[in-house]
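[1] Need a 3D model of the following:
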Amino acid sequence: MLYFRSDCRHFSGEKPCAPHKAEGVVCRNCARFEAVEERILVIKLDAAGDVLRSTCLLPALKAAHPHAAIWWVTENSSKPLLEKNPYIDTLLTPEGPLGGYLGATSFSLAYNFDMSRKAAAILQLANSTQKHGFGLSKEGVVVPLDPYAEEWFEMGLFDTVKRANQRTFQDHLFQLAGLKYGGERPQLILTPKEKEWGIEFAKKNRLSKFKKIVGFNIGSGGRWPMKRWRLDGFAWLAKSIRKKHPKVGVLLYGGPEEKELMPSLAKKLKGACIPTGTQNTLRQFASLVNLCDVMVTGDTLALHVAVALHKRLVAYFGPTSDVEIDLYGSGEKVLPISPCEDYYKGECTQKISCMDNLKEKDMLSAVERQIKLA
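    Numbers count the residues shown, from 1 in each chain. Coordinates of the predicted model:
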């Protein structure tokens, strides 16, 4: 009679499991059997930085449910950040037969942490009697499903409430999940091959001649271009660091949106910095961030990657919330001399923006302190 263990963590039924491929074991009397007693669904689609920082929840979920398999639904664009994560058993995207997966599978808990109709609709598909976070009303609009979600929901709707908030994103996230935040970091696991890819970049650019490496992330992402600091500010900062600290190297980071800005800044600095390129994959970008001792960045994906990789940080803020960001004691925040007047708006209406009010000397002092601590 055919014998298999569909309740094993390694079993998918569509191909040989990893223990069988590695050791030749079979289901009957297999020493690698790991019982799955429940399944937990997490829906967090985007943006990439929010997806990554939400992984701080995984260790706590696993501790509270040690025999659970964790399924995560995210957008294709964010999927690479969750790959290789040992806490995630099944990683899915909205494309394909997602409804069939979620409807046929039994989940003891299902969480949606996105205030979007798309994510809320995905939660509706889940075969679970316990759904938390944000769902759809009968009118087809996003609504909080329980009291835990009401505070974050209100912050998402009203900028005045968001500005008054004094709690970190992680603290709110854990509340949404009904757990207590204990300082758990985001999870980003680089493979040895990916680390070696970064090391090859370091060898090619002779980074070993420097005692410390400072990274400048000049990008801001596509949604909030106002989060970007001035290029002349970065130029002044790079020149000042190289003049005062000749054994400190400066790397430039960015994404496709910076394909013209990065070469322009590198040319202006005439060898005072090394560009890392703007067409790297997400995991290549993380491998390059791993080369840094200190990362200077705004409220972007680079910040969350650096936090996950335990880098020192100088994080600057303007039109978005600095309070929501947890640096885990690994850095400091630089704020403008006056608050932003266009908080979480799509464009700046002021003659002098909050990012113009970020002072170069404040940035330099912060970088120098973090270099000493790195």
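[2] C-alpha only now, for contacts and for neighbours.
    Noted.
[3] what does stretch 128-136 contact?
    Residues from elsewhere that reach stretch 128-136, judged by Cα atoms under 8 Å, 6 or more residues apart in numbering: 106-115, 117, 119-121, 123-124, 142-146, 148-149, 176-177.
[4] Now intersect the residues you listed with the helices, please.
    Members of these lying in helices (criterion: DSSP state H): 117, 119-121, 123-124, 148-149, 176.
[5] Check what pLDDT residue 271 gets.
    Note on residue 271: pLDDT of 85.
[6] repeat for residue 352
    Spelled out, the predicted local distance difference test score at residue 352 is 79.
[7] Helix or strand: which one has the residue sitting nearest the centre point of the chain?
    Of all residues in the chain, the one closest to the mean position by Cα atoms, centre = their mean is residue 52, 2.6 Å from it. Per DSSP states H and E, residue 52 falls inside helix 48-54.
[8] helices and strands around that helix, which ones?
    Counting contacts by 3 or more Cα pairs under 8 Å, 6 or more residues apart in numbering; DSSP states H and E, the secondary-structure elements packed against helix 48-54 are helix 79-82, helix 169-176, helix 301-308.
[9] Check which helix or strand residue 319 maps to.
    Using DSSP H and E, no element contains residue 319; it sits outside every helix and strand.
[10] so what's it up against?
    Shown here is residue 319, whose contacts under the criterion Cα under 8 Å, 6+ apart are 226-227, 340-345, 354.
[11] pLDDT-wise, what's the bottom of these?
    Taking the contacts of residue 319 together, the minimum pLDDT is found at residue 342 (71).
[12] So that one, which state does it fall into?
    When the structure is split into helix, strand and coil by DSSP: H, G, I helix; E, B strand; the rest coil, residue 342 lands in coil.
[13] Please shift the residue numbers so they start at 249 in all later answers.
    Noted, 249 is the first residue going forward, which turns the last one into residue 590.
[14] Surely it is in contact with residue 600?
    No: at 11.4 Å, residue 590 does not count as touching residue 600 under the criterion of Cα atoms under 8 Å.
[15] Between those two, which has more neighbouring residues?
    residue 590 (17 against 9; other Cα atoms under 10 Å).
[16] For residue 343, grab the count of nearby residues.
    Burial measure for residue 343: 10 neighbouring residues, criterion other Cα under 10 Å.
[17] Quick check: the gap between it and residue 360.
    Here residue 343 is placed at a distance of 17 Å from residue 360 (Cα to Cα, to the nearest Å).
[18] just residue 447 next, same as before
    From residue 447 across to residue 360, the span is 38 Å (Cα to Cα).
[19] Neighbour count: those two, which is higher?
    For residue 447 versus residue 360, the count of surrounding residues by other Cα under 10 Å is larger for residue 360: 28 against 17.
[20] Switch the ones in helices among the contacts of stretch 376-384 over to JSON lines; also include pLDDT and neighbour count.
    As requested, the ones in helices among the contacts of stretch 376-384 are exported to JSON lines (pLDDT from 0 to 100; neighbours: other Cα atoms under 10 Å):
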{"residue": "365", "pLDDT": "97", "neighbour count": "16"}
{"residue": "367", "pLDDT": "98", "neighbour count": "23"}
{"residue": "368", "pLDDT": "98", "neighbour count": "25"}
{"residue": "369", "pLDDT": "97", "neighbour count": "18"}
{"residue": "371", "pLDDT": "98", "neighbour count": "27"}
{"residue": "372", "pLDDT": "96", "neighbour count": "18"}
{"residue": "396", "pLDDT": "92", "neighbour count": "18"}
{"residue": "397", "pLDDT": "96", "neighbour count": "21"}
{"residue": "424", "pLDDT": "96", "neighbour count": "25"}
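[21] Same list (those residues) but as CSV, adding distance to residue 292.
    Formatted as CSV, the ones in helices among the contacts of stretch 376-384 follow (distance: Cα to Cα, whole Å):
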residue, distance to residue 292
365, 12
367, 7
368, 10
369, 12
371, 10
372, 14
396, 17
397, 15
424, 13
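[22] Pick out whichever of those residues sits closest to residue 311.
    The nearest member of the ones in helices among the contacts of stretch 376-384 to residue 311, counting by Cα to Cα, is residue 424 at 16.7 Å.
[23] hang on, isn't that closest one packed against residue 399?
    No: with contact taken as Cα under 8 Å, residue 424 and residue 399 are classed as non-touching, separated by 9.3 Å.
[24] who does residue 464 bridge with?
    On the basis of DSSP bridges, residue 464 takes part in beta bridges with residue 500, residue 544.
[25] How about residue 376?
    Applying DSSP bridges to residue 376 yields these beta-bridge partners: residue 355.
[26] Count the neighbours of it for me.
    Residue 376 is surrounded by 20 other residues when neighbours are defined as other Cα under 10 Å.
[27] re the thing from before, next SSE after the helix holding residue 300?
    Using DSSP H and E, the helix or strand that directly follows helix 296-302 along the chain is helix 305-312.
[28] tell me the angle that next one makes with helix 417-424.
    Angle of helix 305-312 versus helix 417-424, following axes from the mean of the first three to the mean of the last three Cα atoms, to 10 degrees, is 40 degrees.
[29] what's the average pLDDT for helix 305-312?
    The predicted confidence, averaged over helix 305-312, sits at 97.
[30] that older thread, which among the contacts of residue 567 end up buried?
    Judged by neighbour count, with 16 or more other Cα atoms under 10 Å as the criterion, the buried members of these are 474-475, 588, 590-592, 602.
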